[in-house]
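Peer 1: Take a look and give me a structure for this.
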Amino acid sequence: MSIPTPGVDVQRNAAQSDADARDRIAETADLPDAQGPADTTTTRAPSTRVYSLDALRGLAIALMIFVNWQGNEAMTDQLEHVEWDGLRIADLAYPTFMVAIGVSMPFARRTGWRHAWGRAIMLYLIGSALVSFKFGTPFALTPGVLQMAGMAYLIAWYVLLLPRKAQAPVMAGLLALTGAAYLWLERPGVVPGSFEPGTTIGEWFDTWLGMWPHNENPHAWIPAAASVFVGVLAGRICQDHTGWARRGRLAALGAGLLVSGALVALVIPVIKVLWTPSFVLVTGGIAILVLVVLDALIPPRSKGGPLRPLVLVGGHPLVVYAFTETLVGWLLSVWYWPSVEPGLVEEHGALFAAVAFPLGAFAAGVLLAWGMERANIHIRV
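Peer 2: This next block holds a predicted model:
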């Protein structure tokens, strides 16, 4: 019988702690599961769970709930999407979601092409099923939120296979090419350099594919991959630094993107439907700056502090998103609108009734995520 050696046990326990920490990081990245090409940086901060990333994902999901499932039309216009060009708070939810996907990718453990393709395909299938349920239509491979997330993730994954020094130039080049297509490419019905509805190459491409122009269609997949790559840059900073060193670098990245986007917008407007390069840069910069604020608000050595509800939802984004797209939407149409909303309007006013339902839906999502966290259940694609 061998006698344990204290020094060896300490090293073994420390190694196990590091492994457990890495596992917890991967568990937070449900959408997709923190999977991307391995990062080869040699100098890194100790592996600990980035709760501000969970909070960012949770904030994106919460914003989607308040945008998509309002109790009535009394909400502020900021929670309605712009019709064409410009930007409102509602328009930040989806690109923030994309950035959060990218932030998780440098923490990858599994990086093979089977995992990447499997993840993208599963997201597309799940997203198509949710669209079918939501609109009561037969199952079909249609565009949608999760579908574009899967495709944008896969494109970004391929870019990350390149040498580190080539990745940013290649992604910037792809984004620049999409901008050049809007400015100079000619096709029937397309007016190069025009950004009026019905005249752009993105809308022509959707129509050519037999689709109605929409921001989740294939014309937006490459720009959306650039949004994911913005998150990758932020994820590397989170991986390599902690505390105010992390926040300072993230703030510089966010501010640089925001200023760059404002300059590009002088030529190519901020248009979510087209996912224009200026839209990518401006929304990416805002998302990174929000991440800085969230990181500063979470107390050290806590699991989210006052932002714990967002952290819980952000730890289980796929489940909570599916919950809101199915049960929440059904309850809104068959129960809240006909039975509850009129009474709330009469008793407390239209604004109260508008806020009550999405607030309750988010609270239900928090409880669902809390139960899964307590049971240590992490559903990952």
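Peer 1: Just give me the neighbour total for E203.
Peer 2: 21 (other C-beta atoms under 10 Å). Just so you know, the C-beta spots here come from the backbone N, C-alpha and C atoms, and that holds for glycine as well.
Peer 1: secondary structure class for the nearest residue to it once chain neighbours are set aside?
Peer 2: Using C-beta to C-beta, 6 or more residues apart in numbering and skipping the chain neighbours, the partner closest in space to E203 is P213 (4.2 Å). For P213, the assignment made with DSSP: H, G, I helix; E, B strand; the rest coil gives coil.
Peer 1: Test my guess that F205 contacts P218.
Peer 2: Yes. With contact defined as C-beta atoms under 8 Å, F205 reaches P218; the gap is 7.2 Å.
Peer 1: and the two? which has more neighbours close in?
Peer 2: When neighbours are counted by other C-beta under 10 Å, F205 comes out ahead of the other of F205 and P218, with 19 against 15.
Peer 1: residue contacts, that one?
Peer 2: 217-219 (C-beta atoms under 8 Å, 6 or more residues apart in numbering).
Peer 1: Repeat that for T207.
Peer 2: Contact partners of T207, counting by C-beta under 8 Å, 6+ apart, are P213.
Peer 1: Determine how far the helix or strand harbouring it lies from the middle of the whole chain.
Peer 2: Assigned by DSSP states H and E, T207 belongs to helix 201-208. Relative to the chain's own centre, helix 201-208 is displaced by 25 Å; criterion: C-alpha atoms, centre = their mean, to the nearest Å.
Peer 1: what's the average pLDDT for it?
Peer 2: On average, the pLDDT along helix 201-208 is 95.
Peer 1: any idea which helix or strand comes after it?
Peer 2: helix 221-240.
Peer 1: how much does that next one deviate in direction from helix 201-208?
Peer 2: Relative orientation of helix 221-240 versus helix 201-208 (axes from the mean of the first three to the mean of the last three C-alpha atoms, to 10 degrees): 120 degrees.
Peer 1: what's in contact with the helix or strand following helix 221-240?
Peer 2: Per DSSP H and E, helix 221-240 leads on to helix 243-264 as the next helix or strand towards the C-terminus. Applying C-beta under 8 Å, 6+ apart, the external contacts of helix 243-264 come out as 45, 179, 230, 233-234, 237-238, 241, 270, 277-289, 291-292, 295-296, 300.
Peer 1: and A60, helix, strand or coil?
Peer 2: Taking three-state DSSP, the label given to A60 is helix.
Peer 1: Verify the stated contact: it with A93.
Peer 2: Yes. Look at A60 against A93 with C-beta under 8 Å: they come within range, at 5.4 Å.
Peer 1: which one of the two has more residues nearby?
Peer 2: Shown here are A60 and A93; by other C-beta under 10 Å, A60 has more neighbours (28 against 22).
Peer 1: For the more buried one, list the residues it contacts.
Peer 2: Each residue near A60 by C-beta under 8 Å, 6+ apart is listed here: 93-94, 96-97, 100, 317.
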